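Student: model this:
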Amino acid sequence: MILALAVFVLVAVLVHRLERNHRRQSGPRSPLAGSTHVQDRDAQRLHADLRFADDTGSTGKTSARLSTRW
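Tutor: Numbers count the residues shown, from 1 in each chain. Down below sits the predicted model:
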């Protein structure tokens, strides 16, 4: 009987602590940590490369790759 009471008390304390912790959460958050308001440098670099390729008429292949391929 004492063992059943001890198990009941432990389960009650565990449930109380888990509920308390759950209520302390402020709500759904972004899965990302930190600020999400940053500049995407990869996108900027891609746009700059595409603009350069359009200006020069380049195919995107270097002369070394073209000469060694065939």
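Student: Please make it C-alpha for all contacts and neighbour counts, starting now.
Tutor: Fine.
Student: got any ranges where the protein has weak pLDDT?
Tutor: Scanning the chain for pLDDT under 70 picks out 26-36, 56-70.
Student: Please enumerate the strands of it.
Tutor: In the chain, no strands are found when defined by DSSP state E.
Student: how close does residue 11 get to residue 50?
Tutor: Distance from residue 11 to residue 50, counting by C-alpha to C-alpha, to the nearest Å: 62 Å.
Student: same question, residue 1
Tutor: 77 Å.
Student: Equivalent analysis for residue 22, please.
Tutor: 49 Å.
Student: quick one, which of residue 1 and residue 50 is more surrounded?
Tutor: Taking neighbours as other C-alpha atoms under 10 Å, residue 1 and residue 50 compare with residue 50 leading, 14 against 5.
Student: Can you identify each of the helices in the protein by residue range?
Tutor: 2-24, 41-56, 63-69 (DSSP state H).
Student: Does the first one pack against any helices or strands, and if so which?
Tutor: Using 3 or more C-alpha pairs under 8 Å, 6 or more residues apart in numbering; DSSP states H and E as the contact criterion, no helix or strand is in contact with helix 2-24.
Student: For that helix, C-alpha coordinates in PDB please.
Tutor: Extracted in PDB, the C-alpha atoms of helix 2-24 (Å, rounded to 0.1, in the frame of the first residue of the first chain):
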ATOM      1  CA  ILE A   2       2.800   2.400   0.900                       C
ATOM      2  CA  LEU A   3       4.600   1.500  -2.400                       C
ATOM      3  CA  ALA A   4       1.400   2.400  -4.400                       C
ATOM      4  CA  LEU A   5       1.100   5.700  -2.600                       C
ATOM      5  CA  ALA A   6       4.700   6.500  -3.200                       C
ATOM      6  CA  VAL A   7       4.400   5.700  -7.000                       C
ATOM      7  CA  PHE A   8       1.200   7.800  -7.100                       C
ATOM      8  CA  VAL A   9       3.000  10.800  -5.400                       C
ATOM      9  CA  LEU A  10       5.900  10.500  -7.800                       C
ATOM     10  CA  VAL A  11       3.600  10.400 -10.800                       C
ATOM     11  CA  ALA A  12       1.600  13.400  -9.500                       C
ATOM     12  CA  VAL A  13       4.800  15.400  -9.000                       C
ATOM     13  CA  LEU A  14       6.100  14.500 -12.400                       C
ATOM     14  CA  VAL A  15       2.800  15.500 -14.100                       C
ATOM     15  CA  HIS A  16       2.700  18.800 -12.100                       C
ATOM     16  CA  ARG A  17       6.300  19.700 -13.200                       C
ATOM     17  CA  LEU A  18       5.600  18.800 -16.800                       C
ATOM     18  CA  GLU A  19       2.400  20.900 -16.900                       C
ATOM     19  CA  ARG A  20       4.200  23.800 -15.300                       C
ATOM     20  CA  ASN A  21       7.000  23.700 -17.800                       C
ATOM     21  CA  HIS A  22       4.500  23.500 -20.700                       C
ATOM     22  CA  ARG A  23       2.600  26.500 -19.500                       C
ATOM     23  CA  ARG A  24       5.800  28.600 -19.200                       C
END
